[in-house]
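Peer 1: this is a predicted model, with the sequence first.
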Amino acid sequence: MADKMSGTGRAGHNRPALAFHVPEPKFRPGDAVDFSDLEISEPGAQPRPDEGCAPIDTAPLANDLIRVLGDDNAAHGPWDPKLDPDTLRRMLRTMALTRAFDERMYRGQRQGKTSFYMKCTGEEATSVAAAMALAGDDMVFPSYRQQGILIARGYPLVEMINQIYSNRGDKLKGRQLPIMYSSRPHSFFTISGNLATQTPQAVGWAMASAMRGDSRIAATWVGEGSTAEGDFHAACLFATVYNAPVILNVINNQWAISSFSGFAGGERATFAARGVGYGIASLRVDGNDALAVYAATQWAADRARSNAGPTLIEHFTYRAEGHSTSDDPSQYRSAHERSEWPLGDPIMRLKNHLIHLGEWDEGRQEALDLECAEQVKAATKDAEKNGVLGHGMHHPFHTMFEDVFEELPWHLEEQAAQAIRERKIKWPQA
Ligand SMILES: Cc1ncc(C[n+]2csc(CCOP(=O)(O)OP(=O)(O)O)c2C)c(N)n1
Ligand SMILES: [Mg+2]
């Protein structure tokens, strides 16, 4: 393992040869995993500054880890959002439904019903709890792993599946990669496959909302790997310069397909610390602690809504499964990482908290999981009536030329006719 790379020395001087560093993940396939050197803060020990504080006052929190739920399953400290049991159960249910949805769609991909799927296993709190702390009409600019937001906002599962199957019910007419949803009524901005583009868009939207004198704020989610994109830095600069009412969520699940967070600078500083450098209030939270995620989001939303400025939240979590259905993580990381991950599972931790409160039990959890699986199954059956991949029940071919111009220009009409003609020759049975 080469930690330092150096070129061949130049003759004629006696200065030490320069070297540079190529990041290398700690564990590779087959390695035993030891996370004991990970700094994990005491739940409840982090101070909660006023929402209107100066950005620099959050600097200690950008290098700490805001935690509420302890190993004793109780909620601790000033960040405890003190949610009532019904809200906690709704949060648990939404996370469980998101996981059940992922399970079924993953299987659907393996059965050939769709070409592609991405799970968010282990990261459900970072979308569900965050969405619950926002107003339903705050504008969200997610990445591809925030299906939990749509589910939390009540978007029909059948619509999500229609999109995944690219069938005739797909509101996006098969024009987007499966899982790249869009829903204006749910204030859910169209997901883009070009990483990090959503971050300056969110800041711009937030500025526009302020220009109109509106009260809706914007929030965006971006993977830690994607923060290496220039767009993320442009977003931070615009957010701080114009004090935009926006929340920048960085989901640090430690992996960007097969490259680890070190390649996005994670070895040198926390991702939250970057916000401090820009003069943005920055919080680093335990992303597997739904209460901490909720509390941090609520803090940031209150800050934005009172014109105190943007917040960057780093959610420290772990991508429990493969990047997507096209990925095989056993080729590049140790399989023991998931089982050794010390911050647990967000659903399990919230479930145990509710049991600790005397507001839940294992039997009810079992019934809930079953109910979620049934709900997804029913939605899947409904969506399948509109077709699955390869059944030919997609939108008519001609529609891919539509919806840009009010009236299709002659040259596009010609191209459409040509494409359809050539397609008939190539696939006569289609
Ligand atoms: C601009 C751009 N570069 C590369 C890719 C290919 N790509 C898709 S997802 C991904 C990894 C992103 O990792 P991260 O931001 O950490 O998000 P995560 O998948 O972990 O949620 C890459 C490199 C892309 N879609 N867009
Ligand atoms: Mg990542």
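Peer 2: Received, thanks. Ligands and ions are numbered 1, 2, ... in the order given.
Peer 1: need phi/psi at the residue of the stretch 251-400 of the chain found nearest ligand 1.
Peer 2: Ranked by Cβ to the nearest ligand atom, the top residue of the stretch 251-400 of the chain for proximity to ligand 1 is Ala256, at 3.1 Å. (Glycine included, C-beta is placed from N, CA and C.) Recorded main-chain torsions at Ala256 are phi -130, psi 90, according to degrees, to the nearest 10.
Peer 1: what sits against it?
Peer 2: Gly223, Glu224, Gly225, Ser226, Phe263, Ala264, His323 (Cβ atoms under 8 Å, 6 or more residues apart in numbering).
Peer 1: check what pLDDT it gets.
Peer 2: Ala256 carries a pLDDT value of 98.
Peer 1: report the beta-bridge partners for the residue in the stretch 101-250 of the chain that ligand 2 sits nearest to.
Peer 2: When scored by Cβ to the ion, the stretch 101-250 of the chain has Gly223 as its residue closest to ligand 2, at 3.8 Å. Counting by DSSP bridges, Gly223 forms beta bridges with Ile251.
Peer 1: and it, what's its pLDDT?
Peer 2: 98.
Peer 1: go on, Ile355?
Peer 2: Reading off the model, Ile355 has pLDDT 99.
Peer 1: can you check His391 too?
Peer 2: pLDDT, read off for His391, is 85.
Peer 1: how close does it sit to His398?
Peer 2: Noted for His391: a distance of 19 Å to His398, by Cβ to Cβ, to the nearest Å.
Peer 1: tell me the residues on the stretch 101-250 of the chain that lie near ligand 2, please.
Peer 2: When proximity is defined by Cβ under 5 Å from the ion, the stretch 101-250 of the chain lies next to ligand 2 at Gly223, Glu224, Gly225.
Peer 1: which one is Ala301 nearest to, not counting chain neighbours?
Peer 2: For Ala301, the nearest residue in space outside its immediate sequence neighbours is Leu134; the separation is 5.7 Å by Cβ to Cβ, 6 or more residues apart in numbering.
Peer 1: same check, this time on Ser166
Peer 2: Gly174 (4.0 Å).
Peer 1: now Gly70
Peer 2: Pro43 (4.0 Å).
Peer 1: ok so the one you found is a helix residue?
Peer 2: No: using DSSP: H, G, I helix; E, B strand; the rest coil, the secondary structure at Pro43 is coil, not a helix.
Peer 1: please shift the residue numbers so they start at 43 in all later answers.
Peer 2: Fine by me, first position is 43 from now on; the one you just mentioned is Pro85.
Peer 1: hmm, Gly119 and it touching each other?
Peer 2: Yes: counting by Cβ atoms under 8 Å, Gly119 is a contact partner of Pro85 at 6.6 Å.
Peer 1: what's near enough to touch the residue nearest to Ala343?
Peer 2: Val182, Ile259, Ala261, Thr339, Ala343.
Peer 1: how much space separates it from Trp121?
Peer 2: Counting by Cβ to Cβ, the gap from Leu176 to Trp121 is 17 Å.
Peer 1: if we can go back for a sec, what pairs with the residue of the stretch 293-442 of the chain closest to ligand 1 across the strands?
Peer 2: Under the criterion used here (DSSP bridges), Ala298 is bridged to Ser301.
Peer 1: show me what the top helix by length along the chain is packed against.
Peer 2: Counting by DSSP state H, the longest helix found in the chain is helix 127-152. For helix 127-152, the elements it packs on are helix 166-175, helix 189-194, helix 199-207, helix 332-347, helix 388-398, helix 404-426, judged by 3 or more Cβ pairs under 8 Å, 6 or more residues apart in numbering; DSSP states H and E.
Peer 1: in that helix, what counts as buried?
Peer 2: Buried residues in helix 127-152, counted by 16 or more other Cβ atoms under 10 Å: 130-131, 133-134, 136-144, 146-148, 150-151.
Peer 1: what about the residue of the chain with the smallest separation from ligand 1, neighbour count?
Peer 2: The nearest approach of the chain to ligand 1 comes at Gly265, 2.1 Å away (Cβ to the nearest ligand atom). Neighbour count of Gly265, defined by other Cβ atoms under 10 Å: 27.
Peer 1: that one reaches Gln296, doesn't it?
Peer 2: No: contact criterion Cβ under 8 Å: Gly265 and Gln296 do not qualify, at 9.9 Å.
Peer 1: pretty sure Ile355 is in a strand, no?
Peer 2: Yes: under three-state DSSP, Ile355 sits within a strand.
Peer 1: rewinding a little: give me the distance between the residue nearest to Ala343 and Thr241.
Peer 2: Distance from Leu176 to Thr241, counting by Cβ to Cβ: 17 Å.
Peer 1: redo the helices and strands packed on helix 127-152 as a markdown table? Include distance to Arg465 and mean neighbour count.
Peer 2: Formatted as a markdown table, these follow (distance: least, Cβ to Cβ, whole Å; neighbours: other Cβ atoms under 10 Å):
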| stretch | distance to Arg465 | mean neighbour count |
| --- | --- | --- |
| helix 166-175 | 39 | 29 |
| helix 189-194 | 32 | 25 |
| helix 199-207 | 20 | 24 |
| helix 332-347 | 47 | 26 |
| helix 388-398 | 45 | 20 |
| helix 404-426 | 25 | 15 |
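Peer 1: rebuild the ones you listed as a markdown table, extending it with distance to ligand 1.
Peer 2: What follows is the helices and strands packed on helix 127-152, written out as a markdown table (distance: least, Cβ to the nearest ligand atom, whole Å):
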| stretch | distance to ligand 1 |
| --- | --- |
| helix 166-175 | 10 |
| helix 189-194 | 12 |
| helix 199-207 | 17 |
| helix 332-347 | 16 |
| helix 388-398 | 15 |
| helix 404-426 | 22 |
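Peer 1: and the ones you listed as CSV, adding distance to His55?
Peer 2: Putting the helices and strands packed on helix 127-152 into CSV (distance: least, Cβ to Cβ, whole Å) gives the following:
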stretch, distance to His55
helix 166-175, 51
helix 189-194, 58
helix 199-207, 61
helix 332-347, 52
helix 388-398, 56
helix 404-426, 67
